[in-house]
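# Pasted the sequence and its predicted model underneath.
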Amino acid sequence: MGLFGGLDANSQLFIQGYFTTITLTVAALGSALVIGTVAASARVWGGPVVQSFVRGYVEFFRNTPLLVQLLFYAVLLAPANLNITRDPMVAAIIGLSIYTGAYVTEVVRSGIISVDPRQIEAARSLGLSQLEALRFVVLPQAIRTVIPPLGNLSIALVKNTAIAGGIAATDLLKVAGIIESRTGGDFTPYIAILVAYWTLTLPLAWAVSRLERRLAFAR
Amino acid sequence: MGFRALLAFPAPMNQDARTDIGSAGVSRPDTAVRPMIEARGVDKRFGSFQALRRVSLEVGRGEVVVVIGPSGSGKSTLLRCVNRLETADSGEIVVDGRKLSDPRLDVNELRREIGVVFQSFNLFPHMTVLQNLMLAPMRVRKLDRAAAEARARKLLDKVGIPEKSDARPTQLSGGQQQRVAIARALCMEPKIMLFDEPTSALDPEMIKEVLDVMMALAHDGMTMMVVSHEMGFAREVADRVVFMDQGEIVEVGTPAEFFQDPEQERTKRFLNTILRH
């Protein structure tokens, strides 16, 4: 860690921050994908009540600031209120999942409706059930449409984890602030975390474009 | 039964060989016994638009019925009612003894026996040709992979494109795609084949290859209901021609009667507009 000059003494803290950011990203992305796929399916194939419920969810969480949402969960879960946890990581993961899930819902929904409805007709005409038609014909095609925007959302999520520092999670940004104050205004921790974010986002961007090419098929 | 007879035909290896199988005259099964498709007084409306008005039609076993008429006349709607892609508002349709209005009817089971070929092919673009053909036999008929593949390859042979088994649908010409679509439907060994304007989306030079396959199927004894503007096909292959206009069946007749001596004024007018060139 000599590479980072004044950082040496704080390298352990830095590494902790790095893994906190990774944990936030992976956990929130996983749950956001589940939330988004279920919500999008409900939005497309559910009854009118379910549909408007999902619509409300998407619009509500897309249209309030993420930091406000995180603070809300942190206070809501805290001992003074629901008394569930005071761990900022839990609040941050819940907040990031629900927030990102709203965007994933819209992406997956557009993927599903991008599949020509005549594809379902053709599948059903062969005797496949509605569920089989979705599983073997619609979703495999929707995934291809959805990969690039989902890649963008994952990258945005990596960057959004920086907001978790606002509710006292010791992510990369928080760690940089701590080190900066310890070393008396040294700006190198900020250079270090810029690089650290790149080590997450650039490979992600590369992986997505590779996946996109592998799944591509001419229409 | 028609399907088994189809497989008995020599495999068409090229365009010329394929046109020959059409000329092998096979006597049709007795169509008088009991119709394969019976529609009685079928009405269908979409909002305020009346798509079908008291339509009654029977299609016998092994019979080829070609339905013609101007666009919006209800011919595609009628076809789609037969496999319940559309549900008739009133009246009754009976397919191979099954009442389509029966609430206990298993639609998926009904559709296994009815192959459909669409104007826009509707092949699955994320699968190879072979996978397109194998999906339903494996998932619906529960064939194992080897049996499904053997059947698929045999049918690709029948439609004259065995070499395209690993291609993606989008790598094929329109005519080839439609032949794959026919093979995909035949893979389920249906008792009935429905064709919804199968050549309307094709370039002129590709129409013949598709009609040749359909002709072979017809001569083989398949029960077929064909919505089409191909008058040559209707003349040569149809047992009966049905003319529809504004949701009604205006006239039904053998091709000879129908084209040479139509009874109804509306039929005459329609034939004049399309045969004028």
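That came through fine. Residues are numbered from 1 along each chain as shown, chains lettered A, B, ... in the order given.
# Now for the closest residue to A:V50 other than its chain neighbours: which residues touch it?
Computed as Cβ to Cβ, 6 or more residues apart in numbering or on different chains, the closest residue to A:V50 that is not its neighbour in sequence is A:A42, at 4.9 Å. Where you see a C-beta, it was placed from the backbone N, CA and C, and this is true even at glycine. By Cβ atoms under 8 Å, 6 or more residues apart in numbering or on different chains, A:A42 lies in contact with A:50-51, A:53-54.
# Tabulate those in a markdown table, adding columns for neighbour count and pLDDT.
Listed next are those as a markdown table, based on neighbours: other Cβ atoms under 10 Å in any protein chain shown; pLDDT from 0 to 100:
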| residue | neighbour count | pLDDT |
| --- | --- | --- |
| A:V50 | 14 | 92 |
| A:Q51 | 14 | 93 |
| A:F53 | 15 | 93 |
| A:V54 | 21 | 94 |
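# now those residues in TSV, with distance to B:M215 and secondary structure?
TSV is the format used below for these (distance: Cβ to Cβ, whole Å; DSSP: H, G, I helix; E, B strand; the rest coil):
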residue	distance to B:M215	secondary structure
A:V50	49	helix
A:Q51	48	helix
A:F53	54	helix
A:V54	51	helix
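# Closest one to B:R54 out of these, please.
Ranked by distance to B:R54 (Cβ to Cβ), the contacts of A:A42 are led by A:Q51 at 37.1 Å.
# where's the closest residue to that closest one other than its chain neighbours, which helix or strand?
Spatial nearest neighbour of A:Q51, chain neighbours left out: A:R43 (5.6 Å); criterion: Cβ to Cβ, 6+ apart. If you go by DSSP states H and E, A:R43 is part of helix A:11-45.
# Now A:A40: closest residue in space that isn't a chain neighbour?
Nearest residue to A:A40, sequence neighbours excluded (Cβ to Cβ, 6+ apart): A:V108, at 3.7 Å.
# show me where the stretch 1-150 of chain B has strands.
Using DSSP state E, counting those that start in this stretch, the strands of the stretch 1-150 of chain B run over residues B:37-46, B:49-59, B:64-68, B:90-95, B:98-99, B:114-117.
# nearest to chain A, of the ones you listed?
Chain A lies closest to strand B:114-117 among the strands of the stretch 1-150 of chain B, at 4.2 Å (Cβ to the nearest Cβ).
# if we can go back for a sec, quick one, what contacts the residue nearest to A:A40?
Taking Cβ under 8 Å, 6+ apart as the criterion, A:V108 is in contact with A:36-37, A:39-41, A:142, A:146.
# quick one: what helix or strand has it in it?
Applying DSSP H and E as the criterion places A:V108 in helix A:88-113.
# avg pLDDT for that helix?
Computed over helix A:88-113, the mean pLDDT rounds to 90.
# could you check the angle helix A:11-45 makes with that helix?
With axes from the mean of the first three to the mean of the last three Cα atoms, to 10 degrees as the basis, helix A:88-113 and helix A:11-45 are set at 40 degrees to each other.
# Now for A:I15, how many residues are close by?
13 (other Cβ atoms under 10 Å in any protein chain shown).
# Now do it against A:A196, distance only.
10 Å (Cβ to Cβ, to the nearest Å).
# Likewise for A:S154?
Distance from A:S154 to A:A196, by Cβ to Cβ: 17 Å.
# Next one, pLDDT for the residue nearest to A:R118 when sequence neighbours are not counted please.
Of all residues not flanking A:R118 in the chain, B:N122 sits nearest, at 4.9 Å (Cβ to Cβ, 6+ apart). Note for B:N122: predicted pLDDT of 95.
# ok now do B:N122, which residues does it touch?
Contacts of B:N122 were listed using Cβ under 8 Å, 6+ apart, and they are A:116, A:118-119, A:121-122, B:181.
# could I get those residues as a markdown table with distance to B:E189?
Converted to a markdown table, the contacts of B:N122 look like this (distance: Cβ to Cβ, whole Å):
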| residue | distance to B:E189 |
| --- | --- |
| A:D116 | 27 |
| A:R118 | 23 |
| A:Q119 | 23 |
| A:E121 | 20 |
| A:A122 | 18 |
| B:A181 | 16 |
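# so B:R240 makes contact with B:E257?
No - using Cβ atoms under 8 Å, B:R240 makes no contact with B:E257, being 9.3 Å away.
# Have a look at the two and say which one is more surrounded.
Using other Cβ under 10 Å, the more surrounded residue of B:R240 and B:E257 is B:R240, with 21 against 14.
# ok, A:G127 touching B:E109?
Yes - judged on Cβ under 8 Å, A:G127 makes contact with B:E109 at a distance of 7.3 Å.
# Which of those two has more residues huddled nearby?
For A:G127 versus B:E109, the count of surrounding residues by other Cβ under 10 Å is larger for A:G127: 25 against 11.
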